[in-house]
Structure formats: structure tokens, C-alpha cells
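[1] Sequence and predicted structure are below.
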Amino acid sequence: AVTGRMQAYGKPRHESRLTRLTQPALKGDTTFTVEPGLDWVEGDRLALFPTSYKFDAWDEVFVVSYDSETGTVVGDRELDFYHFGRETSTGDLYEGLDIRCEVILLTRNVKIFGEDIDSWGGQIVVGFFLDFDMATLEMTSRYGQLYMDNVEVYNMSQMDTFKAAIRWENNVQGHSSVTNCAIHNGYSWALHVKTSQNVHIKDNVMWNFRPVGVGVQTSNNITIDGNVLGKVVARTTFGGQKILDKEAGFSICAYHFPDPCTDIHVTNNIAGGIVYGGFLAPAHDCGEASTQTVFRGNVAHSSQSTSSGEGLVFFPNTAAPSHGSCFEASHFAAYKCSHSGVTSFQKTHKTVASNMLLVDNHFSLAMLNICPSDYAENEIVVRDSSFYGESISPDCPQDGEGGFCYKTVKKGLLVGSSIREIGRAHV
């Protein structure tokens, strides 16, 4: 437990956050191509994201060799799935959106590894408590501050608990910063911020957690920027309970909805290969799309569950009084989501989605309003957004031999509203 100040700094890795495939990588290949000039070496651990509707079409390899002049990687095993690549970004086709396969580096030279005992790894807990000295009868406040940069955190978090690999709990003083770290392969959540404040989470890569990647609950002054999250899967221990588990990549003030949060900023993150939804996040005030930094610049893809698969589920923030009459989400992109790129199903007079870029999803956008009262006026507004059907990333590659073949009808809008007040809203 961190109740003082912990600092850990590793060696920076060039482009440690992510690179992308510059050519398609085929199922069965042991080589693939990324950008040249990286500092990858033999033994580095890599993860390749899915690029399809099959959310679990991912691969993980160790580097045998890397040619820094050509960008050619030789891995230690054959790839299980096809991954889309292109020499240049697809931004020229989709208004700046790059849908090439992300490849992330999971290795750092400073390592914090948990011991695997009955699926209970370690955890880093940053907290606050009062220390009472029996000898002097004095009370001392102790609060944690965590500063980590370029650290590898492996096999941390504890199955079927909220005990994430790194968590902040009741830490209402001090500041923390976690940047450029590789947090991977745990049995529960990657990061959890609960009833805490002043936490900065930036440019990290996170891989293979369950059933939530990053969670924020009842907190304030939290910045989550530029992170890459992949392979968030369902719990294997939850089956047979005849209820739906709560799952998401980034669950922002959503797990115990309604959950009032203030001064939360979620920007420029990527969530790919996620069970249920890439992002569950509160909306911003209506009319502030051009300036807001509550939720902006995020991208989700390849999300799927038994009967769903969302890029973004957005909802009113109960800390914002105006959201009962109008709330808005904006500046978001999604592709290859098996249900919808963006969805909302809330009790309100007005829901707004703006500046959305939605490519190759089953539904681009699905929004339903619940009337606040019987026959009350309500409105759904979609503006300044772009929807694309098929993309150049194939649904059935290698003539069906790429490890998946998932074909679906691509649709634009699904909107509707009740005319009478019905049950509670849904997140």
C-alpha cells in the first residue's frame, strides 16, 4: 500500500505507446511489418489488436528479431488471426481515422510482477488513512502519492474483486501520475479510481484484463489521456449466475450508475478488442461540443458480447443539473462494433450526438429516449457527423481462412422514443 510517496521510473522506449501494421499480417505468418526505426529487441513482448468484428481476434508474440531499417518483425510463433495493415494511415479515406492494426509494446526495464497464487496477483493500492499514535495520542493524516513512468506491471489484480492492478481508494489528498507504463495480463481490472482525486493517467498501454479495463467511481479531477487499452474479456467465473455481468473497456462513473463525478477528462484514448463496450462515459453539457474536454478524441473498435457490442454508451452526469433536460456527446470515432458505434438510452427531454465519425459498424448510431413524463416532448439531435458503411478492412480475409469470417448488414441510424414514461434508464 502506498500511503506516502512512491516513485518508479524506467528507461523510455521509442514509440512505446503503439505503432501500426504497414502491411496486412496473415494468419499463420511468423513475420509482420511495422514502422522502421523503433528500439525493439529480441525478447520484447508485443500485442496485436483485432481489426474485425471478432473482438477476440488478437495475437501476442515475443520478438525474435526486428529490422529497424525495414520494420520487419519476426515473432516466436505463428499468428492466429489476420490483422489489417496499410503502408500509410487510412486517414485519407476516413477523415483522419486510422483503422490499421495497433501493435503495442508490453516490455519495460523496470518491472513489478505479481505472484500467481490461485489467480490472485499483486496490487498497488494508493490510499488515505488516519494514523493514531497510542504513545503520544496524536492523529496523523497519511495519503498516498504515486509517480510511475515507463514501468511494466504484470500479473497484478485479483480475480472477482475491485482490486485492480493499480487502484486509488479514498485518496482525497495529494497527486498521482502514471505515464508511459505497460500494464498487462491480470485477472481483474487494470486501473480503478474510487472516491479519489488528482490522478493523471497518460500514454499507457493496457492489455488483457476482465471484465473492466479502467474504472472511475465517485471521483474528481481525474485525467485519462492518450492511453491504449485492448483485450478486455468476460469473466470465466461469472457463468451460470443468470444475470448479466458489468463489462467495459473504460467505465467512467458508470459501474454504479447513477454516479456523480466532477472534473473528469477522458481524451484521445483507444479501446479495441473489448467485451460489451469500449467506453461507458458521462455526457457533457449541450452546446459545448466545440470546447469541451470531458470526453473527446476517443476511438473504439472491435467490441462484442453475446447480444451487444458498443463503441460508446453515453449518459447524463448526475452531477450536472441541466442533463435532465439535455445532454450531449461529441468528437468520438468507432469502427467494427458488432452492435453500434454510439448508443444512448436515457430518460431526458433532449439527447444530442455531434461530430461523430462512425465507420463500418452494424449500426452507426442507436439512440432511444425515455419520456420524462407521459407524452412529454423529447428530441434526438444528430449533427455534424459522418457515417460509413464498408471499409477497406475485410470482414472475411484470406478467402475465409484468416481466423474469422464475420459478415453483417451495415446500417446507419436507429432512433426512437417512448411516448409514455416507462422503466429506469439503462447503462
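    Here it is on my side, so go on. None of these values were measured; they are calculated from a predicted model.

[2] got the residue ranges for the strands in the stretch 1-150 of the chain?
    5-9, 19-20, 31-33, 45-48, 59-66, 72-75, 102-105, 110-113, 124-133, 138-143, 145-149 (DSSP state E, counting those that start in this stretch).

[3] So which other helices or strands are in contact with the second one?
    Put plainly, it is strand 19-20. The contact analysis (3 or more Cβ pairs under 8 Å, 6 or more residues apart in numbering; DSSP states H and E) places strand 19-20 against strand 102-105. C-beta coordinates here come from the backbone N, C-alpha and C atoms, glycine included.

[4] Then the last one?
    Packed against strand 145-149 by the contact rule (3+ Cβ pairs under 8 Å, 6+ apart) you find strand 5-9, strand 124-133, strand 176-179.

[5] Please, which helix or strand holds V382?
    Per DSSP states H and E, V382 falls inside strand 379-383.

[6] Show the subsequent helix or strand relative to that strand.
    strand 386-388.

[7] Quick check: buried residues in the helix or strand just after that following strand?
    Toward the C-terminal end, the helix or strand that comes next after strand 386-388 (DSSP H and E) is strand 411-417. Using 16 or more other Cβ atoms under 10 Å as the test for burial, strand 411-417 gives L413, S417.

[8] and strand 411-417 with strand 379-383, angle?
    160 degrees (axes from the mean of the first three to the mean of the last three Cα atoms, to 10 degrees).

[9] Alpha carbons of strand 411-417, as CSV, please.
    What follows is strand 411-417 as a C-alpha-only set of coordinates in CSV (Å, rounded to 0.1, in the frame of the first residue of the first chain):
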residue,chain,number,x,y,z
LYS,A,411,-26.9,0.3,-41.1
GLY,A,412,-26.9,4.0,-40.4
LEU,A,413,-29.3,5.3,-37.7
LEU,A,414,-31.6,3.6,-35.2
VAL,A,415,-33.5,6.2,-33.3
GLY,A,416,-36.8,6.2,-31.3
SER,A,417,-38.6,7.4,-28.2
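
[10] going forward, begin numbering at 12 instead of 1
    Understood, numbering begins at 12; the last thing we discussed is strand 422-428.

[11] and S355, which of the three is it?
    At S355 the chain is in strand, as set by DSSP: H, G, I helix; E, B strand; the rest coil.

[12] burial of it, as a residue count?
    28 (other Cβ atoms under 10 Å).

[13] Same question for the one 4 residues further on.
    As a burial measure, the neighbour count of T359 was computed by other Cβ under 10 Å and equals 25.

[14] My guess is it contacts I381. True?
    Yes. Counting by Cβ atoms under 8 Å, I381 is a contact partner of T359 at 7.4 Å.

[15] residue ranges with poor pLDDT in the stretch 12-161 of the chain?
    For the stretch 12-161 of the chain, the stretches with pLDDT under 70 are 27, 129-130.

[16] can you map out the strands along the stretch 212-361 of the chain?
    216-220, 223-228, 231-236, 239-243, 259-263, 273-278, 281-286, 288-293, 306-307, 309-315, 321-326, 338-346, 351-358, 361-370.

[17] Neighbouring strands - and their directions - for the fifth one?
    Based on DSSP bridges, the strands next to strand 259-263 in the sheet, each with its direction, are strand 223-228 (parallel), strand 288-293 (parallel).
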